[in-house]
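> Any chance you can model this:
(one chain, ligands or ions: 1)
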Amino acid sequence: MTLTEEFDQSLLPGELILLESAKLFGATNISPNAKQWEYTRKFPIDELRQAIQRGFGSIELPQIFGGPGFSFGTKMRIAEELSKFDLAFTFALIQHHNALVRVAELSPSDHSRELIASMLTGDLIGCTAMSEPEAGSDFSSLKTVAKKVAGGWILNGKKGWITNATDANVCLTYAQTDTSLGSKGIACFVVLGDKEGFIRQAGYELHGAHAAGVGGYGLVDYFVPDALVLYAPGLAFKTALQGVNRARIHVTAMNAGMLESSLSIATQYGENRRAFGKSILEFQGLAWSLANVATSLEAMRSLAYRGARQIMRGEDALDSAAIAKKFGNEQTLSGVAACMQAMGANGLRAEYPLARHLAAAKLLSYTDGTVEMMNERISGAVKKRYVL
Ligand SMILES: Cc1cc2nc3c(=O)[nH]c(=O)nc-3n(C[C@H](O)[C@H](O)[C@H](O)COP(=O)(O)OP(=O)(O)OC[C@H]3O[C@@H](n4cnc5c(N)ncnc54)[C@H](O)[C@@H]3O)c2cc1C
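Numbering: from 1, shown residues only. Here you go, the predicted structure:
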C-alpha cells in the first residue's frame, strides 16, 4: 500500500468522493488549459468558479455555513492532486477557500451571510493580505494603518504580493492599529474590492504562476464598519501564525503533487527514449537520479501526512510544519530539475508541465515563510531540545 493510499483510508466516504471528483476535475478542466493560462498570462476566473461550485473552494467550511465541514486532510489531499496539473490554479483556489473559512468566523450578520453565500458560488473571490511591498518575512513590520472612528475603522496603506488580488473582492487585510504595541497592535479587516478607497493594481508580470492572479492594492481612507473586523488587535497576529502552520503542511503536499507529476512523466519518457542503442533508463546514472527523486518524494509525503494528522488531532505542528516545508521546498526544486534533466531538451517543452512546476516550486519557496525562515524556526527548536 502506498503512503497516499494509507492516508486516504483515514478519510470519510464523503471526503473520498470529493477527492475523486477533484482528480477528475484536474484531468479534464485544469490539465488541458494550464499551459494556455500561463502563456496568455490569464487568471482563469471561469474555471476557478467552476472548481468553487463543485465544492473544492469550501472543503473545510462548517455545515452550518453551507459547506461540508470536511477535514484538513481532505483539503490537503485535494490540493496535492490538483497541483499535479497546475500549482498556480490550485494555490488561487486554496487561498479563496481559506478566506471563505475565515469570513465564516465574523460575528453573524446579514452582511456576513451575504458574503459567505457569494463566496460559495464564486461570485466573490477571496484573498488574504498580510504582505506589503516593504514587509514580507517581517510581517509584524507592516505599514498599513487602521485608525478607529465612530462605527468602524479608516485604513490607509498598500498590500503587495497577494494571490488572487487581480480579481478578489473579499480581501482579508492585516493592518496596524497601534505601532507602540508591535505585533499585538495588528488587526484583520474584511475589505471589499468594490468600495470607495480600494485601488486595485494590475497583476504582476512573473515568470510562471499567472493563474494565481498575484498583485496588490492600495487603500486610501477606506472605511471598514465594526461588523467587518475579523480579528481584533491582539488576536490577528496569533491567528495568522496558526494558519501559517496549516499552510506549510498543504504546501508540502502541493510540492509532492508536482514532484510526482514530474517523476512519472520523466520515467515514462525515459523508458521510450533511446540513446546508444538502449532505453536511457538503462543508464545507471539516470535511473539512480530518478531513484533519488522517488526517495525524496516518499519522505516529503511522510512529513506532510504526519503534519496533517497532527493538525487533525489538534496537536501543535509548529516545528513539524517548518521541517516539512523546508524539505519539500528544497527537494522539489532539485527533484523537478533532475526530472527535466532526465528528459534532455524536451523537458523544457511547454507540452510538458515540468518547467511550470519548476517555476512554481520556486514560488512555494517564498510563500507561507521562506526556506530561511523555516531554518530560523528549526534551529530554534534544535537549540531548545538540546541546549536549554
Ligand atoms: C507567488 C506569490 C504569492 C504570494 N501570495 C501571498 C498572499 O496571498 N498573501 C500574502 O500575504 N503574501 C503572499 N506572498 C508573499 C510572501 O508571503 C512573501 O514573499 C514572503 O513572506 C517573503 O517576503 P519577501 O518576498 O518580501 O522577502 P523578504 O522578507 O524581503 O526576504 C528577502 C530574503 O531575506 C531572507 N530573510 C528575511 N528575514 C530573514 C531572517 N530573519 N533570517 C534569514 N533570512 C531572512 C528571506 O528568507 C529572503 O530570502 C506571496 C508571494 C509569492 C511569491
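> what pLDDT, on average, does stretch 238-248 get?
Throughout stretch 238-248, pLDDT has a mean value of 92.
> what's in contact with that stretch?
Residues external to stretch 238-248 that are found in contact with it (C-beta atoms under 8 Å, 6 or more residues apart in numbering): 72, 98, 102, 130, 139, 174, 186, 188, 231, 307, 311, 317-318, 321-322, 324-325, 367-369, 374. To be clear about C-beta, it is placed using only N, CA and C from the backbone, and glycine gets the same treatment.
> let's go with 6 Å and repeat that
For stretch 238-248, contacts defined as C-beta atoms under 6 Å, 6 or more residues apart in numbering pick out 231, 311, 317, 318, 321, 325, 368.
> Grab the nearest non-local neighbour of the fifth one.
Pointing back at residue 321 there. In space, residue 321 comes closest to residue 248 once its chain neighbours are excluded; the distance is 3.9 Å by C-beta to C-beta, 6 or more residues apart in numbering.
> what helix or strand does that neighbour sit in?
Element membership of residue 248 [criterion: DSSP states H and E] is helix 236-272.
> How many neighbouring residues does residue 150 have?
Using other C-beta atoms under 10 Å, the number of residues around residue 150 comes to 5.
> Correction: the previous question concerned residue 17.
As a burial measure, the neighbour count of residue 17 was computed by other C-beta under 10 Å and equals 13.
> quick one: it and the ligand, what's the gap?
Shown here: residue 17 relative to the ligand, a distance of 29 Å by C-beta to the nearest ligand atom, to the nearest Å.
> Tell me if I am right that that residue is in a helix.
Yes. Applying DSSP: H, G, I helix; E, B strand; the rest coil, one finds residue 17 inside a helix.
> For it, give me its contacts.
No contacts exist for residue 17 under C-beta under 6 Å, 6+ apart.
> can you list the residues of the stretch 251-388 of the chain near the ligand?
On the criterion C-beta under 6 Å from any ligand atom, the ligand has as its neighbours in the stretch 251-388 of the chain the residues 363, 366, 367, 370, 372, 373, 376.
> Show the buried residues in those residues.
If you count burial by 16 or more other C-beta atoms under 10 Å, the buried members of those come out as 363, 367, 370, 373.
> The residues you listed in strands, which ones?
Cross-referencing those against strands under DSSP state E gives no overlap.
> Looking at the residues you listed, which are in helices?
Judged by DSSP state H, the subset of those located in helices is 363, 373.
> What is the most widely separated pair among the buried ones among the residues of the stretch 251-388 of the chain next to the ligand?
Comparing every pair within these by C-beta to C-beta identifies 363 and 373 as the most remote, at 15.4 Å.
> host element of residue 310?
Using DSSP H and E, the element containing residue 310 is helix 284-312.
> looking just at contacts, which helices and strands does that helix meet?
In terms of contacts (3 or more C-beta pairs under 6 Å, 6 or more residues apart in numbering; DSSP states H and E), helix 284-312 is packed against helix 72-83, helix 236-272, helix 318-342.
> for it, what is the average pLDDT?
The average pLDDT within helix 284-312 is 97.
> Give me the residues contacting stretch 190-199.
Contacting residues not belonging to stretch 190-199 are listed as 169, 171, 173, 218, 219, 220, 221, 222, 228, 230 [C-beta under 6 Å, 6+ apart].
> right, and the fourth one touches residue 157 too?
It refers to residue 218. No. Residue 218 is beyond contact range of residue 157, at 7.4 Å (criterion: C-beta atoms under 6 Å).
> Compare those two (neighbour count), which wins?
Neighbour comparison, residue 218 and residue 157: the larger count goes to residue 157, with 23 against 16 (by other C-beta under 10 Å).
> what about the more buried one, is that helix, strand or coil?
strand.
> Report the contact partners of it.
Taking C-beta under 6 Å, 6+ apart, one finds 143, 144, 219 in contact with residue 157.
> can you rerun that using 8 Å?
132, 142, 143, 144, 145, 175, 218, 219.
> In three-state terms, label the last one for me.
The three-state label given to residue 219 by three-state DSSP is strand.
> excluding its backbone neighbours, what's nearest it?
Of all residues beyond its chain neighbours, the one nearest residue 219 is residue 155 (4.6 Å), with distances taken as C-beta to C-beta, 6+ apart.
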